[in-house]
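In: Sequence first, predicted coordinates after that:
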Amino acid sequence: MSDTSPSRSSRSDKPKGPSRAPDRRSLFVRLVEFISPGPDSTAELIQSLAEAEHRELIEPESRVMLEGVIRMASMSAGDVMVAVRRMDVLDIDAPYDELLAQVIDTGHSRFPVFEGHKDNIIGILMAKDLLKLQRAPELNLRTLLRQPVFVPESKGLNELLREFRSNRSHLAIVIDEFGKAAGLITIEDVLEEIVGEIEDEFDDEDHQSSIFTLADGSQRVAGDAAIESVNEAFATDLPLADFDTIGGLVAHELGRVPRRGEHLDLGGLRFKVMLARGGAVRWFKVTRAPDVADGAES
């Protein structure tokens, strides 16, 4: 007999076409998503995180990190970089003593090195490598330079972070559309967009002191140092009424939070920003204002 079984007949009669994977979500889940759809924009997603924190579903620290990841996706190197005019750079032709004093004064571990003009970066010098010249003066500074990493201003922070990790580099020179140095960015700058401020070599682990003397005789003052402490240290009379910290006072006088490299003369002192993170000044370099210093010399 040539009768075909019903099961075979049903399989052969199935329409041919692309198969669709079954939706394994439960009816309840699909109903909830229909009634309360997920966020359609970055702003809505961030608002959802805020609501989750309010309902104690996530910790405040977790919300801040997640928001940082979300915002970082739309940021580029040009948004975070230190502009070239505020970069601490070394001149390849400067004498050793001058280079050493600058390294000690600024306290960085890596420095872009230029030749001729600041936007002509020829290499990166590790601060520890500079000490080799003291032990072996016959060495040429150029032989100690490391190949710089160049990235465009438009480079996304997500992609840049991957490159930092894969290349094991910590600093990149940001170039503009004309191929000239526009600034620099470090892996710390990128990570701080996610996790917030990272403790660095300027930080006082004991948090007991906020005013330090630098190699050139100037003072390094923490942004959160009490104004009263600054007045006592410098024999000044800065106002105490509206602000508790020197960083708050400087930001108020300037009308905004100053950026690294900017300065403000106040009460006979010059407050130059050494380090700014998270919308606040971490460290000032404080010297006598030029007019005050000139008057003292005369």
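Out: Cool, the structure landed.
In: Determine which residue lies closest to the centroid of the chain.
Out: Nearest to the geometric centre of the chain sits D189, at 2.1 Å (CA atoms, centre = their mean).
In: So that one lies in a helix, does it not?
Out: Yes: assessed by DSSP: H, G, I helix; E, B strand; the rest coil, D189 belongs to a helix.
In: ok, it touching G78?
Out: No: D189 lies out of contact with G78 (CB atoms under 8 Å); the separation is 11.8 Å. (Glycine included, C-beta is placed from N, CA and C.)
In: Where does pLDDT dip in the stretch 101-250 of the chain?
Out: Where the stretch 101-250 of the chain drops to pLDDT under 70, the residues are 195-209, 214-216, 241.
In: The closest residue in space to the residue nearest to the centre of the chain that isn't next to it in sequence: neighbour count?
Out: Distances taken as CB to CB, 6 or more residues apart in numbering place V80 nearest to D189, at 5.0 Å, with adjacent residues excluded. As a burial measure, V80 scores 18 neighbours (other CB atoms under 10 Å).
In: Can you name the residues that contact V80?
Out: Neighbouring residues of V80 by CB atoms under 8 Å, 6 or more residues apart in numbering: L157, I185, D189, V190, E193.
In: Next, please give the residue ranges for the helices of the stretch 101-250 of the chain.
Out: According to DSSP state H, counting those that start in this stretch, the stretch 101-250 of the chain carries its helices in the segments 127-135, 141-144, 157-167, 187-195, 227-234, 246-254.
In: Can you read off the pLDDT for S10?
Out: pLDDT for S10: 44.
In: what's the answer for K14, then?
Out: pLDDT, read off for K14, is 47.
In: Give me the residues contacting the strand or helix carrying R270.
Out: R270 belongs to strand 269-277 when assigned by DSSP states H and E. Applying CB under 8 Å, 6+ apart, the external contacts of strand 269-277 come out as 106, 192, 197-198, 200, 202, 220-221, 223, 234, 236, 246, 250, 257-265, 281-290, 292.
In: Do I have it right that V113 meets L125?
Out: Yes: V113 lies in contact with L125 (CB under 8 Å); the separation is 5.1 Å.
In: and for the two, which residues touch both?
Out: With CB under 8 Å, 6+ apart as the test, V113 and L125 both reach L90, L141, L145.
In: Just the closest of those to L161, please.
Out: The closest of these to L161 turns out to be L145 (CB to CB; 24.6 Å).
In: ok, and the closest non-adjacent residue to that closest one?
Out: With CB to CB, 6+ apart, the residue lying closest to L145 is G123, at 2.9 Å.
In: residue contacts, the one you found?
Out: P112, V113, R142, L145, R146, Q147, P148.
In: List buried members of the residues you listed by neighbour count.
Out: P112, V113, L145, P148 (16 or more other CB atoms under 10 Å).
In: which two of those lie the greatest distance from each other?
Out: Checking the buried ones among the contacts of G123 with CB to CB, the most distant pair is P112 and L145, at 9.8 Å.
In: Find residues that contact each of those two.
Out: With contacts taken as CB under 8 Å, 6+ apart, P112 and L145 have G123, I124, L125 as neighbours in common.
In: Could you find the closest non-adjacent residue to L266?
Out: Here the residue nearest L266, using CB to CB, 6+ apart, is E253, at 6.0 Å.
In: Might one say that the one you found is in contact with L264?
Out: Yes: assessed by CB under 8 Å, E253 is found in contact with L264 at 6.1 Å.
In: who are the neighbours in contact with the closest residue to L100 other than its chain neighbours?
Out: Once flanking residues are discounted, L100 sits nearest to L130: 6.4 Å by CB to CB, 6+ apart. Neighbouring residues of L130 by CB under 8 Å, 6+ apart: Y96, L99, L100, V103, L144.
In: so which of those residues comes closest to I227?
Out: Closest to I227, out of all of those and judged by CB to CB, is V103, at 30.9 Å.
In: Could you give the number of residues near that closest one?
Out: 21.
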